[in-house]
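Peer 1: How does the following fold in three dimensions:
(one chain, ligands or ions: 2)
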Amino acid sequence: MTGKREDYITWDEYFMGVAVLSGKRSKDPSTQVGACIVSQDNKILSMGYNGFPLGCSDDEFPWGRDNEAEDPYNAKYFYSTHSELNAILNYRGGSLEGSKLYVTLFPCNECAKAIIQSGIKTIVYGSDKYAGTPAVNASKRMLNAAGVRYYQYQPSGRKIEIEV
Ligand SMILES: O=c1[nH]c(=O)n([C@H]2C[C@H](O)[C@@H](COP(=O)(O)O)O2)cc1CO
Ligand SMILES: [Zn+2]
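Peer 2: Ligands and ions are numbered 1, 2, ... in the order given. Okay, here's the model as predicted:
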């Protein structure tokens, strides 16, 4: 055998795969989101998933949704840090200017602000299950105005299995 292996995974499969794997750390019972930030030369800079801030116990803070808990103080939304924001905040290396974000769910308006301000220029997203909601409409409005490019990940159809 003299040639190279041909069935290696693409960059998009690699980084979206890392984002998916990262989301598997999430304790959220309904939506697990993972994110991976990559430099222009395809080096992983940071990762994140949705969860509560440091010191806010996964066992003590609420995981319910508004409609289940009624009082927002007792629902997850006030406390959960989104995967994209965690990935941005987890980066300790300096600037994210010009980088690319792989995220398994389209970013909300709050994450869009952080994405724009941190200098991320491209978003590759998986699901867009909240498309058409005010938060996602506002997000797209800001991303469009700021010139942040976004496109949906196109699954290769290939199943990538890992055994650990
Ligand atoms: O961009 C996002 N990134 C992200 O990490 N999340 C998190 C917050 C919550 O923990 C969960 C959404 O929960 P739910 O689908 O039950 O409303 O996903 C939610 C969004 C919304 O688009
Ligand atoms: Zn968000």
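
Peer 1: Settle this for me: N50 is touching S30, isn't it.
Peer 2: No - distance between N50 and S30: 10.4 Å, which falls outside the contact criterion (Cβ atoms under 8 Å). From N, CA and C alone the C-beta is placed, and that goes for glycine too.

Peer 1: More neighbours: which of these two?
Peer 2: Using other Cβ atoms under 10 Å as the criterion, N50 and S30 rank with N50 on top: 25 against 10.

Peer 1: Contacts only, for the more buried one.
Peer 2: If you count contacts by Cβ atoms under 8 Å, 6 or more residues apart in numbering, N50 has them with G23, S26, D28, T31, Q32, V33, S80, T81, H82, S83, N86.

Peer 1: if you set the cut-off to 7 Å instead, what comes out?
Peer 2: Shown in contact with N50 (Cβ atoms under 7 Å, 6 or more residues apart in numbering): S26, D28, Q32, V33, S80, T81, H82, S83.

Peer 1: near ligand 2 too, which of the residues you listed?
Peer 2: Applying Cβ under 5 Å from the ion to the contacts of N50, one finds that H82 fall near ligand 2.

Peer 1: Please produce a PyMOL select command covering the buried subset of the contacts of N50.
Peer 2: Selecting in PyMOL just the buried members of the contacts of N50, where the criterion is 16 or more other Cβ atoms under 10 Å, is done with this command:
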select buried, resi 26+28+32+33+80+81+82+83
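
Peer 1: Take the contacts of N50 and write them to a markdown table, including pLDDT.
Peer 2: Formatted as a markdown table, those follow (pLDDT from 0 to 100):
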| residue | pLDDT |
| --- | --- |
| S26 | 98 |
| D28 | 98 |
| Q32 | 98 |
| V33 | 98 |
| S80 | 98 |
| T81 | 98 |
| H82 | 98 |
| S83 | 98 |
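
Peer 1: intersection of neighbour lists for N50 and S30?
Peer 2: The contact lists of N50 and S30 share no entry, where a contact means Cβ under 7 Å, 6+ apart.

Peer 1: So for stretch 19-36, what gets flagged as buried?
Peer 2: Taking 16+ other Cβ under 10 Å as the basis for neighbour counts, the residues of stretch 19-36 that come out buried are A19, V20, S22, G23, S26, D28, T31, Q32, V33, G34, A35, C36.
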